[in-house]
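just need the structure, nothing else, for what follows:
(chains A, B and C)
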Amino acid sequence: MKKILVEHLKYRYPQAAELALNDISFEAEEGEKIGVIGRNGAGKSTLCQALTGLVPHFYKGAYGGRVIVDGTEVLSSSISEIVLKVGIVFQNPFTQVTGAKETVYDEVAFGLENLGLPRGEISSRVDAALELLRIYRFKDQAPFSLSGGQTQRMAIAGIIAMRPRIIVLDEPTSQLDPQGSEEVYQALDDLSDQGLTIVLTEHKIEKIAQYCDKILVLQDGRSVAFDTPARLFSAEDSDAWGIRPPVYTSVCRKLLRPPTGVYPVTLSEAGEALANWEAST
Amino acid sequence: MSKKSVWSVKLSTASLVLIPAAVGVNYIGKLFAQLLKLPLWLDSIGTVLASMLAGPIIGALAGLINNIIYGFMDPVSFVYGITSVAIGVVVGLMARIGFLENWVKAGIIAFAVIFTSTVVSTPINIIFWEGQTGNIWGDAVYAGVLNITNTVWLASFLDELIVDLPDKILTVLIAYGIYRGLPKNLLQLYRADSEIEELK
Amino acid sequence: MKQLTLYVDKQSFVHAVDPITKLFYVAFAILTSMLVPTAYAGVICALLSLSLLCLAKVIKNASPVFLFIGFVLFTVVVIQGLFGVNNQTEAFRLSGLIFYREGLITGAKIILRVVNIVSAFLILTLTTKASDLVEDLVRAGLSPRIGYVITSVFQIIPQMISSADIIMDAQRSRGMETEGGLMVRMKAFIPLIGPVVLDSFMSTKERAMALEARAFSAPNKKTFLRERPAYTYAAKLRGAFVVLTLAALIWRLAA
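The predicted structure follows:
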């Protein structure tokens, strides 16, 4: 079964003239890591919100096509049903702090209280989420006392504790310092080891090329490409999407002509390819 | 616009989270006014803005919760909750019937707020403080009027009015200026009448 | 972080009483002092509240509040003493100003009323954690969404205060004048408040979405993470406050 199935998704915000999403289709298998890239305003955040039911239920507006996440159709379900299947993490770590809880532990438990789970279940889930995100040692601290990276991990823990099988992260590191970004990426690796299906938008193209199994490119609300990073950035027309390929790919394009037509996209791949090239010359 | 949509209750999450923002802005407004030693309160900008955005019910709730929270710091504030609620309702209603179109209409909101605030606060002032407001300028007027006319309600009314007049005009105009600066897609979130349309 | 409430974390038998029973007390103390048609009732209620504040070891923390209202009350007594509506009998003269007996009595009554109300509320606010009060109210039937709104304010305001400090410093370093004539100070207000308001209202959208993502609107009954200690005498005390208030009402009606 596909974990995510998006078919001909169209969406227009209320009172807007243009479609924010125009005929988007893609799918993801269980455990896949999907990157979404595109210029500002291409529809990345809107797509993230469409996967979690915030589009259309939070915004209203005009909607067409269908989105099915872990077997649940988004349009015909309420947000509180959908969050059991797919969780979302936003850019700003601090707006995600509920502000109603005095400790990190209670903050992570917020969603589980809302779901009405029994206390024993809540405490075991919260402990597990705090361990997984490596913030257990902060559990008795005030939520607003944490750093940006720690706060973002607390936000992820609050989502993970609800045990969705898919997690969507909308530029989770864009407001963090390098240290905080690294912490969040490490957390993503841990989530991936748990077999979660991950959808990630990110401005740092190198990160997304290294991290994701497949990349979806959006341009003006349309999907213009959906492929593995290597094939995607090796394509001749990739520049036309307004996306700069990873710096490793650009360098290799200048130097190499690989027989497969596929260029390296990560630092380690590039290192390997350049070593081979040096050996052959 | 139908009567129903004016009063429509939409305690959506989007409108509920306006309330903490409104109470916070009220608090910071008061803080800055004190820091700058302004002879004004400027402590209801948030309530007025939340009412403009989300209508009378959220406006009333923002006013009520504001004074409950202030009450935890200064118990006298609990009783003036009624005034805050009234301001929220009046601004919210006027916003829903089209008084946010331009600056002139926003000025009319300001005068409606002054009227409401004075009419509601005066009886509270009389019950509580025999009609005074605790503001130096207002109470000077009170003493003068009381000395000449010997009428508590008139002295008290003028006391409150002289305090409210500049304060509420500035409050409403600042809130309206910020309202105009907010992005359209944010304003859209609080419309109670929108439904999901189907796209082919 | 600056604390926003007056709550003082101490151990006392007043602290131990549950928040809702304290609400009953506040209502009882205020209503009784207003209903019973003799000034003694007010004196007794005020003394009761003040001694409870002493026994709860928080009277010191109450003094700034009393000092603040004391100033306003002082002006009330002066103005009533000088210009009160019923003033007839001269009480004394002070550097040429005549103070009247009737006005001074009115002033004294106002002081009693205000001290009564304020000290009753102070018992609640000085000995009760706001979040405990809200949680108990939610358990008693208050909408949990409204409960969330109230609790979150207590944390969001200190956050806003720290960002307000940053804005203040930034604007000052850009050469904004915050001292001088009234117009100069008025002009400074808008560049200070503007960014705070925009920032806090713009971030409400993401906060609302983040709450939705945490099942904030789930229709089921919510779990309370912790048991709240049951207060043994809650029912008896609440009952007593209601009976006493009713007795005051009957006294008023009969008199």
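
which stretches of the chain form strands?
Looking at chain A here, since you left the chain open. Secondary structure of chain A, counting by DSSP state E: strands at A:4-12, A:21-28, A:33-37, A:61-69, A:72-73, A:86-89, A:166-170, A:197-201, A:214-219, A:222-227.

ah, I was thinking of chain C
Using DSSP E, strands in chain C cover C:90-94, C:97-100.

residues making contact with the last one?
The contact list for strand C:97-100 (C-beta atoms under 8 Å, 6 or more residues apart in numbering or on different chains) reads C:81, C:82, C:84, C:87, C:88, C:89, C:90, C:91, C:92, C:93. All C-beta atoms are positioned from the backbone trio N, CA, C, and that covers glycine.

let me have these in CSV, extended by distance to chain A and neighbour count.
As requested, the contacts of strand C:97-100 are arranged in CSV below (distance: C-beta to the nearest C-beta, whole Å; neighbours: other C-beta atoms under 10 Å in any protein chain shown):
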residue, distance to chain A, neighbour count
C:81, 48, 24
C:82, 49, 18
C:84, 48, 23
C:87, 52, 21
C:88, 57, 9
C:89, 57, 11
C:90, 58, 10
C:91, 53, 15
C:92, 55, 11
C:93, 57, 9
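
out of those, which is nearest to residue A:56?
residue C:84 (64.6 Å; C-beta to C-beta).

picking up where we left off before, among the strands of chain C, which is nearest residue B:88?
Closest among the strands of chain C, using C-beta to C-beta: strand C:97-100, at 40.8 Å.

residues near residue A:62, how many?
For residue A:62, the count of nearby residues is 19 (other C-beta atoms under 10 Å in any protein chain shown).

hang on, the earlier thing: any idea which of the strands of chain A gets closest to chain C?
strand A:86-89 (4.9 Å; C-beta to the nearest C-beta).

could I get the strands of chain C as CSV with mean pLDDT?
As requested, these are exported to CSV (pLDDT from 0 to 100):
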stretch, mean pLDDT
strand C:90-94, 91
strand C:97-100, 93
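
can you redo the ones you listed as JSON lines with distance to residue B:131?
Formatted as JSON lines, those follow (distance: least, C-beta to C-beta, whole Å):
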{"stretch": "strand C:90-94", "distance to residue B:131": "21"}
{"stretch": "strand C:97-100", "distance to residue B:131": "17"}
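
what parts of chain B come near chain A?
B:13-14, B:20, B:184-185, B:188-189, B:191, B:194-200 (C-beta under 8 Å from any C-beta of the partner chain).

give me that answer again for 10 Å
Contact residues (C-beta under 10 Å from any C-beta of the partner chain) of chain B with chain A: B:12-14, B:17, B:20, B:184-185, B:187-189, B:191, B:193-200.

just the ones of the residues you listed in helices?
B:13, B:14, B:20, B:184, B:185, B:187, B:188 (DSSP state H).

between those residues, which sits nearest residue C:195?
Ranked by distance to residue C:195 (C-beta to C-beta), these are led by residue B:20 at 17.8 Å.

so who does that closest one touch?
The contact partners of residue B:20, by C-beta atoms under 10 Å, 6 or more residues apart in numbering or on different chains, come to A:99-100, B:46, B:50, B:62, B:65, B:69, C:148-157, C:159-160, C:200, C:204, C:207.
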